[in-house]
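> predicted model, plus sequence, below.
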Amino acid sequence: MTSLWPRIEPLLAKVGKPARYIGCEDGAQRPVHGAGITSWLLVYPDAYEIGLPNQGLQILYEILNERPDAVAERSYAPWVDMEALMRAGSVPLFSVETHRPANAFDLLAFNLSAELVYTNVLNCIDLAGVAVRGADRGPDDPLVAAGGHCTFNPEPLADFVDLFVIGDGEEVVGDITDVVREWKASGRTAGSRAQVLRALSRVPGVYVPSMYEVAYEGGRLAAVTPRYPDVPERVEKRTISDLASWPYPKQQLVPLTEVVHDRLNVEIFRGCTRGCRFCQAGMITRPVRERPASQVRRMVSDGLARTGYDEVSLTSLSSADYSGIESVVGDIINDPMCSGQVSVSLPSLRVDAFTVGVATEIQKVRRTGLTFAPEGGTWRMRQVINKLIREEDLYGAMESTFSQGWQRVKLYFLIGLPTETDEDVLGIAELARNCVAIGRRHARNVTVTASVGGFVPKPQTPFQWFGQTTSAELHRRIRLLRDATRRDRGLSLRWHDPEATLVEGIASRGDRRLGPVIEDVWRRGGTFQEWSEHFRLPLWEESMAAHGLSIDDYVHRHRHPDELLPWEHISAGLHRDFLWQDWEDALAEAGVEDCRWTPCYDCGACTGYGIEHVVASPVPPAGGSQGTGQDLSTGGAVPVALLPSRVAQDVGLAGTKGIRP
Amino acid sequence: MKVRIRFAKTGKVRWTSHRDVARMWERALRRVRLPLAYTEGFSPRPRVSFGLALPTGHESVAEYLDVEVAEGGSGDMAGPEGTPSLEMAGLPGVLSEALPDGVDVLGAAVLEGRVPSLQHDVTSCSWEVEIVGVAPARMAALVEEALGAPQLLVTRERKGRQVTDDLRPAIISLGLLESRQAGTVLGTELATHPRGVRPRELLEALGPDLEAGVVRRTHQWIERDGARWEPLPPGATHAPHALERAS
Ligand code: SF4
C-alpha cells in the first residue's frame, strides 16, 4: 500500500496548522503491515490538537502495537480547510504515521467522548471512502467500531457503526483482534461480513447494533430484541480489575505542535464513587481502581525523563481523592529528576483547604489560577445532586488559595438541574461574590470566574429520567445571573451556549430514529458542531422536523418510570433499582456517601461483576472524599476489612475494600 | 556562558511553526539535562534565544539558537566542582538524538565575550527556492527582468493596512541554480534589515502565478566592515554525519 504523502504534502502549504497532518510525534510507532496482521485505524473525530492527547486512544494504540498480530495507526478529523482540499483532490482520510488510506485498514475505530462529534464520525467514514451506513458496506470495507463514554447510549449511531465497545478497552481490543484476524484469514468472502459481526456480538463488552431488532409502539420504544439466540440480550461493560497490570501509555505521544493538555499525563485511578448524580463518567466507570503509588512514581519519573516535559498532570475523575495523594505528590516534587522545575497539576481539585495546600506546594509555576467545581449554588441544590460541599469548605479553600498568592479562581456550576429554583441560581452569584470578598482581603486584583453550563441528563445516571430544561429557560436563568453580577467588580460570568446544550440533549438520550437526523445534518455541512463557529442549531431543528421527530419529546420530556429507555440493553452494571432509588433520594434532597470508605450500596458495579475497589493506601486522604459529608478530617481508617489480593501482593502497598454481603 | 547551536530542519517537520520548534528545543534541552540558566519570576523559562523565524513549510540547514548555560550549574553534563565543562564535540549528537526526526544539530560552540543577538546580528540569508512547473527559459527571463528593474513593488497587509514595499534593494543576489524535472531552482540572497524579506514575497514580485515547491534556507550571514561570516564562530564542532543527512 503506497503512502498518500506525495499527494498530501502539496496541500499543506494551503492550510492552517499543517503540522496537524504530519505525525512524527515522539512516541509514534512505525507499524509494519502484512498478511495475517489485523490493522486498526484509531480515529479521534475532532481536530488533531483536541484528539492527540486523548489517553484512551493512546493506551489502545500501544496495546495493539505490542501484539504480534496487530498494528494500529491514528487519524484525526481534518479541519474544514484541509477537508475541502482533500475532497477536491480525491485524497481520502489517512493515517498520520504512514499516511496510508483509511480504507486500507481492517477496522476504523472511533473514540466518542462527546455527542456533538457524531456528525464528524460520519464525515470521517465518508472521507475514508466507506459507505456511511453499515448496511451498505461490503466485504472489502473496514469494520467501523466505536468506544468511549458515549457508547453507553450507542443507539443514535447504530446505523453507522458496526460494533461498539462498552467500558474499558484494554482487554477487549485483543478479543476483537482475534475475531477479525480469523475473518481476514478466511478471505473476507461475500456474505462473511454478517458472520464476523455475529461472532463479534458474542465477545463480552461488544455491542453489534445490527444484531438487534428494535420495535416502537405509539411513538415509544417498545422492545430491543436480539435477532439470534447466541446474541446477548444485554451487553455488559468490560472492566479491567486493576490498573497495575496496565501501565499505559508507556510512551506518551509528544506532539510537535500545540495541543490541549500538552504535558505528561499519568492516570492515577479510574472510576469514581463519590456519587455525583449528574456525572455519567462517575457512574459508568465504577468501581474505583487506584494505581499503586510506586507505579505512579515510576511512570512520572520515566515519563518526564523521556519526554522533556516540565509539567505532569495526575489524572482521574477526582485526583485529590487518591488515597495516597500526599505522599505521591511529595515524592514527585522531591524526585531529583524534577529538580525544582517541574510542576504537578491535579485536574480536579477538591474544594477544601487541604487540597489547596497540596496544590500550592506542587504548582511551583503559577501560570494559571485554580479551578473548583461546587456545581450547585445552594446547599439544597448540592444535596439534590449529591455534591455535599459545605459553604465553609469552599470559603476555606478560597482563604487558602488567595492567602498563598493565587489571584485567579474559576468556579464551575451547572444550571437547569432537577428541582432548581431561582434561589438556587442566584446562590451561584452569592457564592462567587463571597469568594471575591475573601480574595480582596489578600489582594486588590483578584478575579473569580463563575462558569455556568446547562445540565444535560445522561444515560446510565440517576438523572436519566429527568426532562432537560429548555434553552429559553436556561437563557432566562443566565440573565438572572448576569443581572445579579453586573455590578460586581472582580467577578466575571461565563456561560455555555444553551443551544449547544439543547443539541447535546437530543443526542444524549436519543434512539435509533435519530440516525437519519444525524445523517441529514452531516450532509448539509454540519460538522465540527462542538466548535461555536461551526455550530448550527437550525440544521438540527429542521432535520428533526423533516423526520417527524419532536425536540420536546427527546429532550424536555420527563421519562416515565415504566418506560423502556433506549440504552437499557447496554449495562454499566448499575441496577435500575439503584438508579431509581438514587433519583428518589435526589428529589428528597438526601445524600449518599462515598462507598469507597463506607459499606456498599450494592449499585451493581462491583457485585455484578465480582470485582471491587482497589485502593493504593488503606488510609483515605485527609478530609475524606470531598463533598460526601463524611467526617474523615483526620484521614481516618477504612471502615471495612482490607482483604489480601493479587494486587496487594504484587505491589506490597495496595489494599482492596471488602464488600458487605 | 552562552552556547550557539546550528541546526537543520528538513523533511516533514518543516510543517511545524517557529513556536513549535522553540517548544521542541525546550523539551530536548531538558531531556539531555543541560544545566540551563532560567529567567527569574513566577514562571521561570530557560534563557534561550532563537534567530530569525523560518516561515512554516520552509526547510533550512542554517537555523541557530543561543542557549544560556548556568555558570556552575549542576546537572549530568556539568564537570567537576560545578564548572560547566560541556563536551562540545559530543553535544550535536546528543541533542540530535533528543530532537524529532528532521531536526539535526550541525554544530555547537561556546560564544566568547559579549555577542549581539542573532536577530540583530544577521544581515542576510541565502535561499534555494524550487519553482514548480515553469520552464527554465521563462524563469531566466523573469530573473533578468527583476534584476534590471529600478523597483520591485509588493503590497502586503500589515496591522490591517495595505503597505507597499520596494523589494529591489533587499535582493543581494538572484539567479538560476539548476533545472529539475519539476521545474527550476532559484538561488537568492535576501537582506534581513530593515525587515526580513521572505522568499514568498520575492516570488510574488517575480510573477504572481509562480508556485514554490521546497524552499530552503542555506545560510545566514553577518556582514560588517566589508567582512562576511556565518553566525557560528570558527572552531565550532560540526557533526559531519548530520550535515550529510540534511543535504
Ligand atoms: S457495588 Fe457497592 S462498593 Fe461497588 S461501586 Fe457500587 S455501591 Fe460502591
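Looks like it arrived, so ask away.

> use CA for all of it now, contacts and neighbours both
Will do.

> surely A:Val179 and A:Ala199 touch.
Yes: taking contacts as Cα atoms under 8 Å, A:Val179 lies within contact range of A:Ala199: 7.1 Å.

> count of neighbours near B:Trp229?
14 (other Cα atoms under 10 Å in any protein chain shown).

> kindly state the beta-bridge partners for it.
On the basis of DSSP bridges, B:Trp229 is bridged to B:Ile222.

> contacting residues for it?
B:221-223 (Cα atoms under 8 Å, 6 or more residues apart in numbering or on different chains).

> which intervals of the chain have sub-threshold pLDDT?
In the absence of a named chain, chain A is used. A:1, A:337-340, A:348, A:352-354, A:360-368, A:619-661 (pLDDT under 70).

> try chain B instead
B:42-43, B:72-86, B:180-182, B:233-235, B:237-247.

> could you find the closest non-adjacent residue to the residue of it found nearest the ligand?
Of all residues in chain B, the one sitting closest to the ligand is B:Arg27 (40.6 Å; Cα to the nearest ligand atom). Spatial nearest neighbour of B:Arg27, excluding adjacent residues (Cα to Cα, 6 or more residues apart in numbering or on different chains): A:Gly308 at 4.2 Å.

> also B:Val122?
B:Ile222 (4.6 Å).

> ok, the one you found - contacts?
Contacts of B:Ile222 by Cα under 8 Å, 6+ apart are B:121-124, B:228-231.

> can I get these in CSV with distance to the ligand?
CSV is the format used below for these (distance: Cα to the nearest ligand atom, whole Å):
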residue, distance to the ligand
B:Asp121, 65
B:Val122, 65
B:Thr123, 68
B:Ser124, 67
B:Arg228, 73
B:Trp229, 70
B:Glu230, 67
B:Pro231, 64
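
> surely the residue of chain B closest to the ligand meets A:Tyr309?
Yes: with contact defined as Cα under 8 Å, B:Arg27 and A:Tyr309 form a contacting pair (5.9 Å).

> which of these two has more residues huddled nearby?
A:Tyr309 (24 against 21).

> I figured the more buried one hits B:Trp25, correct?
No: between A:Tyr309 and B:Trp25 there is no contact under Cα under 8 Å: 11.1 Å.

> the closest residue to chain A within chain B in helix, strand or coil?
Nearest residue of chain B to chain A (Cα to the nearest Cα) works out as B:Arg27 at 4.2 Å. The three-state label given to B:Arg27 by DSSP: H, G, I helix; E, B strand; the rest coil is helix.

> can you pull the contacts of it?
B:Arg27 touches A:307-309, counting by Cα under 8 Å, 6+ apart.

> likewise for B:Pro46?
B:26, B:36-39, B:68.

> which among the residues you listed end up buried?
For the contacts of B:Pro46, a burial check counting by 16 or more other Cα atoms under 10 Å in any protein chain shown picks out B:26, B:36-38, B:68.

> quick one: which of those residues sit in strands?
B:Glu68 (DSSP state E).

> picking up where we left off before, in contact with the residue nearest to B:Arg27: list those residues for me.
Here A:Gly308 is in contact with B:26-31 (Cα under 8 Å, 6+ apart).

> closest one to A:Glu563 out of those residues, please.
Within the contacts of A:Gly308, the smallest distance to A:Glu563 is 55.3 Å, found for B:Arg27 (Cα to Cα).

> tell me where the stretch 51-200 of chain A has strands.
Counting by DSSP state E, counting those that start in this stretch, the stretch 51-200 of chain A has strands at residues A:70-76, A:107-111, A:143-147, A:163-165.

> let me redo that: the stretch 301-450 of chain A
A:311-315, A:343-345, A:370-375, A:408-415, A:447-454.

> need those strands in a markdown table with distance to the ligand and mean neighbour count, can you?
Output for these, formatted as a markdown table (distance: least, Cα to the nearest ligand atom, whole Å; neighbours: other Cα atoms under 10 Å in any protein chain shown):
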| stretch | distance to the ligand | mean neighbour count |
| --- | --- | --- |
| strand A:311-315 | 20 | 22 |
| strand A:343-345 | 26 | 23 |
| strand A:370-375 | 22 | 22 |
| strand A:408-415 | 24 | 20 |
| strand A:447-454 | 27 | 22 |
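
> now these as CSV including distance to chain B?
Formatted as CSV, the strands of the stretch 301-450 of chain A follow (distance: least, Cα to the nearest Cα, whole Å):
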stretch, distance to chain B
strand A:311-315, 11
strand A:343-345, 11
strand A:370-375, 15
strand A:408-415, 14
strand A:447-454, 18
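
> between those, which gets nearest to A:Glu541?
Closest among the strands of the stretch 301-450 of chain A, using Cα to Cα: strand A:447-454, at 18.7 Å.

> list the buried ones in the helix or strand following that closest one?
Using DSSP states H and E, the helix or strand that directly follows strand A:447-454 along the chain is helix A:471-485. For helix A:471-485, the neighbour count (16+ other Cα under 10 Å) marks A:471, A:474-475, A:477-478, A:481-482, A:485 as buried.

> closest to B:Gly213 out of these?
Distances from B:Gly213 to the buried residues of helix A:471-485, taken by Cα to Cα, are shortest for A:Ser471, at 51.0 Å.

> look up how far chain B lies from that closest one.
38 Å (Cα to the nearest Cα, to the nearest Å).

> next: A:Gly16.
For A:Gly16, the distance to chain B - Cα to the nearest Cα - is 10 Å.

> for the residue nearest to that residue when sequence neighbours are not counted, grab the count of nearby residues.
The shortest distance from A:Gly16 to any residue other than its chain neighbours is 7.4 Å, reached at A:Asp81 (Cα to Cα, 6+ apart). For A:Asp81, the neighbour count with other Cα under 10 Å is 12.

> surely A:Asp81 touches A:Val15?
Yes: between A:Asp81 and A:Val15 there is a contact under Cα under 8 Å: 6.0 Å.

> can I see the domain layout of chain A?
Domain ranges of chain A: A:5-236, A:369-573, A:576-653, per automatic domain parsing.
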